[in-house]
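# compute the structure for the input listed below.
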Amino acid sequence: MNILMMTNTFSPHVGGVARSVEAFTSEYRKRGHRVLVVAPIFENMPEKEGDVVRVPAIQHFSGSDFSVVLPIPGGLLSKVETFKPDIIHSHHPFLIGATALRIAHVYEIPLVFTHHTMYEQYTHYVPGDSKALQRFVIRLTTSYANLCDQVFAPSDSTALVLRERQIRSPIDVVPTGVSLQQFSLGSGPGFRAAMDIPEDAFVVGHLGRLAPEKNLPFLTEALAAFLKREKRAHFLVVGTGPLHGAIRDFFAGQNLSSRLHVAGNLTQPLLASAYRAMDVFAFASKSETQGMVLIEAMAVGTPVIALDAPGSREVVVDGSNGLLLHSETVAEFSSALQRVASFPRKRIKELKENAYHRAELFTMERSTDKALSLYGRLLKKDFEHRDEEYDAWSTVLRLIKTEWDLLKGVVEGGARRRSFYPGRGGKGPLDLSR
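Modelled structure (predicted):
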């Protein structure tokens, strides 16, 4: 079949949605399906891309007020007509996602939407952030989902939330899987040497965007408390983001700079090597729809310590492949790290083996099988017209004044960097603001 993937983020942008689109696109093509990806222009893009259409959607509309539906970029319709998609798969309800909805409506093509993100968790990037804005974003995303023929939820927790929000479109859980083959590569000892981490260190790792919505101020404080108790412990951070400098400043203020190692963004096989360099993966985010990085860690046999939250509770089995914490306190999190650091080798080996076996349940092959099956089910149905709902959606879009700011925050992470310790000279309780 011909599958049209429409996304606001794609290579070389680094993030969960971009990685998901790339992973599914690769698997679909391996199985003989044609995939055309429509994505924005980014700096440092590959010079040659097969079946990728780049549009100036985000950059072109920078600073505009989005008082009308995002126009379909010139030339895109002709390329879509030539491609003749059987399925349109949208990965965002905004910007290019709105374009996907219009194309599906005009050409009567089934539209699938993956609800990758709880967008209300990102409204802090918008000036004037408020509970009212969060409610508005939820209503907008829910309305979009109800105009789609199929909704993919990355996890059971996300599916439950979407049903509670009265999304009427069919909802099925389709996580982004991992390639166990890719994560079979890499060298943990080699990565430790490159990052100047001692061979015998107990390494706590974290990978992800360094941003407020990832609950990093809490995680950073918990790690510092643990490192003060466990002298052989080191903290390895993989990723970039607006809190990068603040994390470094905090560890410097705690006299722990020598045991903080920040690797930046990585690709394979260095990514697998980084996971292999970790003894345990620490995760405190409560805004996830799927714990992709947790599955990746487990794919190399690294156990996880995480808060009991959506995205984590589907992956971490408490006491089997890690620890799932039901209380969000610095003391409990740092104590959990200490417990794992104190485990005998036999117990650590058991955790590692269970972690790998858990990852086997979330392979890309399994996820692709389910996605293609759902596509096939849609193609057997007649196209359903939703003219009244579509007109209502169009009216709502004409009233939006914040769409650019919201998506700019999600896509580019344009958060203002603030110190963890405003006005305290590096001393005092953590500031959980952006």
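
# going forward, measure contacts and count neighbours with C-alpha atoms only.
OK.

# residues touching stretch 152-171, excluding its own?
With contact meaning CA atoms under 8 Å, 6 or more residues apart in numbering, stretch 152-171 is reached by 112-116, 142-143, 145-151, 172-176, 289-290, 310-311, 314.

# which phi and psi does the residue lying closest to residue 214 once chain neighbours are set aside have?
Distances taken as CA to CA, 6 or more residues apart in numbering place residue 285 nearest to residue 214, at 4.4 Å, with adjacent residues excluded. Main-chain torsions, residue 285, degrees, to the nearest 10: phi -70, psi 140.

# picking that back up, of the contacts of stretch 152-171, grab the buried ones for ChimeraX.
This is how ChimeraX selects the buried members of the contacts of stretch 152-171, with burial counted by 16 or more other CA atoms under 10 Å:
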select :112,113,114,115,116,142,143,145,146,147,148,149,150,151,172,173,174,175,176,289,290,310,311
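
# buried residues in whichever helix or strand residue 192 is part of?
Element membership for residue 192 (DSSP states H and E) is helix 188-194. The neighbour-count check on helix 188-194 (16+ other CA under 10 Å) flags 188, 189, 190, 191, 192 as buried.

# repeat for stretch 305-314
Neighbour-count burial for stretch 305-314, counted by 16+ other CA under 10 Å, picks out 305, 306, 307, 308, 309, 310, 311, 312, 313.

# repeat for stretch 356-376
Result for stretch 356-376 [16+ other CA under 10 Å]: buried residues 356, 358-360, 362-368, 371, 374-375.

# cool, and stretch 47-56?
Of the residues in stretch 47-56, 52, 53, 54, 55 count as buried by neighbour count, 16+ other CA under 10 Å.

# cool, stretch 386-395 as well?
By 16+ other CA under 10 Å, the buried positions in stretch 386-395 come out as 390, 393.

# got the CA positions of that stretch in CSV?
Extracted C-alpha coordinates of stretch 386-395, given in CSV (Å, rounded to 0.1, in the frame of the first residue of the first chain):
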residue,chain,number,x,y,z
ARG,A,386,-17.8,14.2,8.9
ASP,A,387,-18.7,17.5,7.3
GLU,A,388,-20.3,19.1,10.4
GLU,A,389,-17.4,18.2,12.6
TYR,A,390,-14.9,19.3,9.9
ASP,A,391,-16.6,22.7,9.6
ALA,A,392,-16.5,23.1,13.4
TRP,A,393,-12.8,22.2,13.4
SER,A,394,-12.1,24.8,10.7
THR,A,395,-13.9,27.4,12.7
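
# can we start the residue count at 436 from this point?
Taking 436 as the first residue, the last one we looked at is stretch 821-830.

# ok now that stretch, how far from the chain's centre?
Its chain's C-alpha centre and that of stretch 821-830 lie 29 Å apart, by CA atoms, centre = their mean, to the nearest Å.

# same thing with stretch 757-770?
Remark: stretch 757-770 is offset 23 Å from the chain centroid, using CA atoms, centre = their mean.

# picking that back up, pick out the most distant pair among the buried residues of stretch 482-491.
Farthest-apart pair in the buried residues of stretch 482-491 is 487 and 490; separation 9.8 Å (CA to CA).

# keep only those of the buried residues of stretch 482-491 that are in strands.
Applying DSSP state E to these, the entries found in strands are 487, 488, 489, 490.

# could you identify the helix or strand that succeeds the helix or strand of the chain at the bottom of the mean pLDDT ranking?
Every helix and strand of the chain was ranked by mean pLDDT, DSSP states H and E. The lowest is helix 492-495, at a mean of 44. Once the chain leaves helix 492-495, the next helix or strand it forms, by DSSP H and E, is helix 511-518.

# what's the average pLDDT for that following helix?
Across helix 511-518, the average pLDDT comes to 91.

# helices and strands around that helix, which ones?
For helix 511-518, not one helix or strand is in contact under the criterion 3 or more CA pairs under 8 Å, 6 or more residues apart in numbering; DSSP states H and E.

# buried residues, that helix. List them.
Buried residues in helix 511-518 (16+ other CA under 10 Å): 515, 518.

# what does stretch 679-698 give?
Buried residues in stretch 679-698, counted by 16+ other CA under 10 Å: 679, 681-686, 691-692, 694-698.

# now, those residues that are in helices?
679, 681, 682, 683, 684, 685, 686 (DSSP state H).

# ok, the residue nearest to residue 649 - contacts?
Residue 720 makes contact with 648, 649, 650, 651, 742, 744, according to CA under 8 Å, 6+ apart.

# pLDDT score for it?
Looking at residue 720, its pLDDT reads 93.

# what does residue 715 give?
pLDDT, read off for residue 715, is 98.

# hang on, isn't it packed against residue 639?
Yes. Counting by CA atoms under 8 Å, residue 639 is a contact partner of residue 715 at 5.2 Å.

# in a strand, that's where residue 461 is, yeah?
No. Counting by DSSP: H, G, I helix; E, B strand; the rest coil, residue 461 is not part of a strand but helix.

# got JSON lines for the buried residues of helix 623-629, with pLDDT and distance to residue 825 too?
Output for the buried residues of helix 623-629, formatted as JSON lines (pLDDT from 0 to 100; distance: CA to CA, whole Å):
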{"residue": "623", "pLDDT": "97", "distance to residue 825": "52"}
{"residue": "624", "pLDDT": "97", "distance to residue 825": "55"}
{"residue": "625", "pLDDT": "97", "distance to residue 825": "55"}
{"residue": "626", "pLDDT": "98", "distance to residue 825": "52"}
{"residue": "627", "pLDDT": "98", "distance to residue 825": "54"}
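
# mind listing residues that contact the helix or strand encompassing residue 638?
Per DSSP H and E, residue 638 falls inside strand 637-642. Residues from elsewhere that reach strand 637-642 (CA under 8 Å, 6+ apart): 667-674, 710, 712-718, 728, 776.

# 7 Å instead?
667-674, 713-718, 728, 776 (CA atoms under 7 Å, 6 or more residues apart in numbering).

# that one: how far from the chain's middle?
19 Å.

# strands paired with it, and their directions?
strand 668-673 (parallel), strand 715-718 (parallel) (DSSP bridges).
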